[in-house]
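J.: What would the 3D arrangement of this be:
(one chain, ligands or ions: 1)
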Amino acid sequence: MKVDGVSYRSIWRDAASDEVRIIDQRWLPHEFRVAALNTLEEFAGAIRDMWVRGAPLIGATAAYGVASEMAKNASDSHLDHVHAVLNATRPTAINLAWALDRCRTALRPLPEHERAMASRQLADAIADEDVEINRQIGLHGLSLIRDIASQKPAGEPVRLLTHCNAGWLATVDWGTATSPMYQAADAGIPLHVWVDETRPRNQGALTAWELGSHGIGHSYITDNAGGHLMQHGLVDMVITGTDRTTATGDVCNKIGTYLKALAARDNDIPFYVALPSPTIDWRVADGVGEIPIEDRPATEVSHIQGRAPDGGISPVQVTPEGSAVGNPAFDVTPARLVTGLITERGVCAASEDALTALFPDLARANSRAS
Ligand SMILES: CSC[C@H]1O[C@H](OP(=O)(O)O)[C@H](O)[C@@H]1O
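T.: The predicted model follows:
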């Protein structure tokens, strides 16, 4: 997407230096900083410490990390080592393992001297595929937004609520939950987006930064406000991203998503999830029971980062000394609370039958039975 009129992806290979570069999201929305990733630890650290974040972007970053390492050492043992180091960085988003497995499966049969180029091409392909998948998700989501808009007086905005950042910053481009918003805005449909701040890391500030940059009307709200807004008829549709969706349609996403789904159901508001197919875990049926939920550092909750009066960006402590902290980073919304899944192949119910019908090739290739 554009940043001050300049088109960016969240990760790219610099034409001059051939370095892999990323937007270092730790400093947004206050500062736009670019970082280069050159070593395995830099790639691993960028994922683990959320310089890059978001399921699809984590997968793409891992693929670029494999390519970077294959250029230095293309042996089987190093390929396995790279896979293990990167796969250990974060446990919940399935895209990480999906990308690493895809890379290793493609590279293993090749002679070592072909692996550097092949891994480089595969990383670029994974990135390009993500962009197109998200663009397609946007078009299918646009249809849903257009239907809502058609039932409103001309000029009255469609009011969406979203949680966390499933934006272009969480993917290579377009975003998943935000892609329908961008497509609707570009089609001239008036929108207003309620943006959950999403404690503790406040990824909602990234969404607000994205939407503001695209000229889309929005309000930055506390995580606890969504139910009240729904009760008072101020939300037409909830749309979120996902880090791992099971073969049966259970949706794992940022902590707090489940509570939004409960409030949406209680107020008869459609709750949609933007779901790129690499984020489907075909081998898991019970999301609550089987998806590993990342526990992140306590300092993410005990401290909050912002711009200080002197203009610097710094963390401040918000909890008393000695208070224990809990920081589960994700939760699982059962399929029964999900109105529909917006995929690159269309919108479907959150069910095994519907996902299998839309992706028979993927369901067969990844069947739990096999
Ligand atoms: C399009 S995936 C976005 C997804 O990833 C975020 O998690 P994190 O910021 O911890 O990487 C969040 O769950 C978003 O919905």
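J.: List the contacts of the closest residue to the ligand within the stretch 251-370 of the chain.
T.: Nearest residue of the stretch 251-370 of the chain to the ligand (C-beta to the nearest ligand atom) works out as residue 254 at 3.4 Å. For every residue, glycine as well, the C-beta is placed using N, CA and C. The neighbourhood of residue 254, defined by C-beta atoms under 8 Å, 6 or more residues apart in numbering, consists of 163-164, 198, 203, 240-241, 243, 329-331.
J.: The residue nearest to the spatial centre of the chain and residue 172, how far apart?
T.: Centroid-nearest residue in the chain: residue 54, 3.4 Å away (criterion: C-alpha atoms, centre = their mean). Residue 54 sits 10 Å away from residue 172, going by C-beta to C-beta, to the nearest Å.
J.: Which residues are in contact with each of the two?
T.: Here residue 54 and residue 172 have residue 10 as joint contacts, going by C-beta under 8 Å, 6+ apart.
J.: Not counting its neighbours along the chain, what's nearest the residue nearest to the centre of the chain?
T.: Using C-beta to C-beta, 6 or more residues apart in numbering and skipping the chain neighbours, the partner closest in space to residue 54 is residue 170 (2.4 Å).
J.: how deep is the one you found tucked in, by neighbour count?
T.: Counted with other C-beta atoms under 10 Å, residues neighbouring residue 170 total 30.
J.: Give me the pLDDT for the residue nearest to the centre of the chain.
T.: Per-residue pLDDT puts residue 54 at 98.
J.: what's the answer for residue 3, then?
T.: Residue 3 is assigned a pLDDT of 86 by the prediction.
J.: same question, residue 370
T.: 61.
J.: Quick check: residues of the stretch 201-350 of the chain near the ligand?
T.: Listed as neighbours of the ligand in the stretch 201-350 of the chain under the rule C-beta under 6 Å from any ligand atom: 203, 240-241, 243, 253-254, 329.
J.: Using a markdown table, please lay out those together with secondary structure.
T.: Below are these laid out as a markdown table (DSSP: H, G, I helix; E, B strand; the rest coil):
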| residue | secondary structure |
| --- | --- |
| 203 | coil |
| 240 | strand |
| 241 | coil |
| 243 | coil |
| 253 | strand |
| 254 | strand |
| 329 | coil |
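J.: And the furthest pair within these?
T.: 240 and 329 (14.6 Å; C-beta to C-beta).
J.: those helices in the chain, which residues are they?
T.: Using DSSP state H, the helices of the chain run over residues 40-48, 55-70, 76-87, 94-107, 112-150, 179-186, 204-213, 226-231, 257-266, 287-290, 299-302, 352-358, 360-365.
J.: Tell me which of the ones you listed sits most buried.
T.: Mean neighbour counts were compared across these using mean count of other C-beta atoms under 10 Å; the top stretch is helix 55-70, at a mean of 28.
J.: Can you tell me how far the closest residue to the ligand within the stretch 101-250 of the chain is from residue 125?
T.: Going by C-beta to the nearest ligand atom, the ligand is nearest to residue 241 of the stretch 101-250 of the chain, at 3.3 Å. Applying C-beta to C-beta, the value for residue 241 to residue 125 is 22 Å.
J.: Also residue 322?
T.: Distance, residue 322 to residue 125, by C-beta to C-beta: 50 Å.
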